[in-house]
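Enquirer: Curious how this folds, go ahead:
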Amino acid sequence: MKIILLICISLTFSISANVNIVKSNNKTTLNVATFNIAGLTTFAKGTKKRIRVICNQLKKSNFEVIFLQEVWFKSGRKLFKDCGYKNILTPYGIGLKSKRKGKRKGLLNLDTGLLILSKYPFVSSAQVTKKKNPFKLNYSKNGSKKYFYDGEAAAHKGAIGAFIKKNNQPIFIATTHMVAEYNKHSYNIQRMRQMTELREWLLKKSLNKPIIFGGDFNSSPPPRTGHRKYNTDKIWPIVITQIFPDEIFLEAKNLDYANLTTYPKDEKNYPLGLGVLDHLFGSFGAKPITSTIIFKEKFKIGKKSKRLSDHYGLNTVFQIN
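Expert: Numbers count the residues shown, from 1 in each chain. Model (predicted):
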């Protein structure tokens, strides 16, 4: 009942359909990836070594924009300066020297843990809008102090975004990390509120320019057979029909999301993994063409071969009309 009420409230906001995109015969593409590096889990041991291996992989890739989650600490953010991307957006502004301002967020002062790496500069406000750029969103609903052990109340989940330009086309790019789900208690209502706030923020800040956004949504399409641990089938139909309706907010159609995973934890009990929790969407002229799940293999980290994170990454190529 609470979920239905929340969706009814969210639908009082209208999705703007007045899109002012100039069509062109010249096809601009943007190669984007998203990856949760697992900065506060069992994978966090040896995080610096993992980040260096991640950087080496990024240098070899064709990714033009990288969305990163769980880069919680300043020491970790600094390591990403040598990954082959001159332009870095933190929760505090453009560049690694940007500093936190105002009241600290999260019980452990961890803030959002978000980072964006880009081959293209984040354009000045005057080039697109007179409003402030970059932009940051702090979600109004997060984890509960009652369940402090789950870690969700330690940080303040949200989103960061900014405009870039490729071939003189402004594109609004943004990443997010939403509250997770747990066996003994559910954050479905909080997560759906976060999605609703993200949608309204994107529509407002993007100024009807093409939007590319993604990150760790901690929500997955349900499998066609069997069951996934986090019961995401309860909210995903609402997500793709009412919050991010798939005729407006598009994911690439080439992947069988129902039988894939970007979170392979507990493979013994859940052969399908825990679902495709990480997503990349395009809207307002940014059309996803093809997606690939990345970083599934193990890499040499120190003396052992390990995965880079408890997540896999996701890579999507977008066409900008």
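Enquirer: Run through the stretch 151-300 of the chain and note the low-pLDDT ranges.
Expert: Residue ranges of the stretch 151-300 of the chain with pLDDT under 70: 226-233, 267, 269-272.
Enquirer: show me where it has strands.
Expert: Ranges of strands in the stretch 151-300 of the chain, per DSSP state E, counting those that start in this stretch, are 158-166, 169-177, 211-216, 278-283, 286-294, 299-301.
Enquirer: In this structure residue 218 contacts residue 182, no?
Expert: No: counting by C-beta atoms under 8 Å, residue 218 does not reach residue 182; the two are 10.3 Å apart. Where C-beta positions appear, they are placed from N, C-alpha and C, glycine not excepted.
Enquirer: Looking at the two, which is more packed in?
Expert: Ranked by neighbour count (other C-beta atoms under 10 Å), residue 218 and residue 182 place residue 218 first, with 23 against 16.
Enquirer: count of neighbours near the closest residue in space to residue 291 that isn't next to it in sequence?
Expert: Leaving aside its sequence neighbours, residue 291 sits nearest to residue 252 (C-beta to C-beta, 6 or more residues apart in numbering; 3.8 Å). Neighbourhood size, residue 252 [other C-beta under 10 Å]: 20.
Enquirer: ok, now how distant is residue 252 from residue 281?
Expert: 10 Å (C-beta to C-beta, to the nearest Å).
Enquirer: Kindly report the same for residue 222.
Expert: Residue 222 is 19 Å from residue 281, by C-beta to C-beta.
Enquirer: More neighbours: which of the two?
Expert: Between residue 222 and residue 281, counted using other C-beta under 10 Å, residue 281 has the larger neighbour count: 23 against 19.
Enquirer: what angle sits between the longest helix seen in the chain and strand 278-283?
Expert: The single longest helix within the chain, with elements called by DSSP state H, is helix 188-205. Calculated by axes from the mean of the first three to the mean of the last three C-alpha atoms, to 10 degrees, helix 188-205 forms an angle of 30 degrees with strand 278-283.
Enquirer: Sort out which residues of helix 188-205 are buried, please.
Expert: Judged by neighbour count (16 or more other C-beta atoms under 10 Å), helix 188-205 contains these buried residues: 188, 190-199, 201-203, 205.
Enquirer: before we move on, what about stretch 288-303?
Expert: 288, 291, 293-295, 301.
Enquirer: picking up where we left off before, dump the strands of the stretch 151-300 of the chain to JSON lines, plus distance to residue 90.
Expert: Shown next, in JSON lines, are the strands of the stretch 151-300 of the chain (distance: least, C-beta to C-beta, whole Å):
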{"stretch": "strand 158-166", "distance to residue 90": "8"}
{"stretch": "strand 169-177", "distance to residue 90": "11"}
{"stretch": "strand 211-216", "distance to residue 90": "15"}
{"stretch": "strand 278-283", "distance to residue 90": "20"}
{"stretch": "strand 286-294", "distance to residue 90": "23"}
{"stretch": "strand 299-301", "distance to residue 90": "25"}
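Enquirer: ok so, going back, the longest helix of the chain to strand 169-177, inter-axis angle?
Expert: Going by the same axes, to 10 degrees, helix 188-205 makes 160 degrees with strand 169-177.
Enquirer: And helix 188-205, how far out from the chain middle?
Expert: Distance, stretch centre to chain centre, for helix 188-205: 13 Å (C-alpha atoms, centre = their mean, to the nearest Å).
Enquirer: Show me what it is packed against.
Expert: If you count contacts as 3 or more C-beta pairs under 8 Å, 6 or more residues apart in numbering; DSSP states H and E, helix 188-205 packs onto helix 2-10, strand 135-138, strand 158-166, strand 169-177, strand 211-216.
Enquirer: pull the CA atoms of the last one into PDB?
Expert: Once non-C-alpha atoms are left out, strand 211-216 reads as follows in PDB (Å, rounded to 0.1, in the frame of the first residue of the first chain):
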ATOM      1  CA  ILE A 211      20.800  12.900 -20.900                       C
ATOM      2  CA  ILE A 212      23.000   9.900 -20.200                       C
ATOM      3  CA  PHE A 213      22.900   8.600 -16.600                       C
ATOM      4  CA  GLY A 214      23.700   5.400 -14.700                       C
ATOM      5  CA  GLY A 215      25.200   3.800 -11.700                       C
ATOM      6  CA  ASP A 216      24.200   1.400  -9.000                       C
END
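Enquirer: Give the partner strands of that strand in its sheet and their orientations.
Expert: If you go by DSSP bridges, strand 211-216 pairs up with strand 169-177 (parallel), strand 278-283 (antiparallel).
Enquirer: so that strand versus strand 286-294, what angle?
Expert: Here strand 211-216 runs at an angle of 30 degrees relative to strand 286-294 (the same axes, to 10 degrees).
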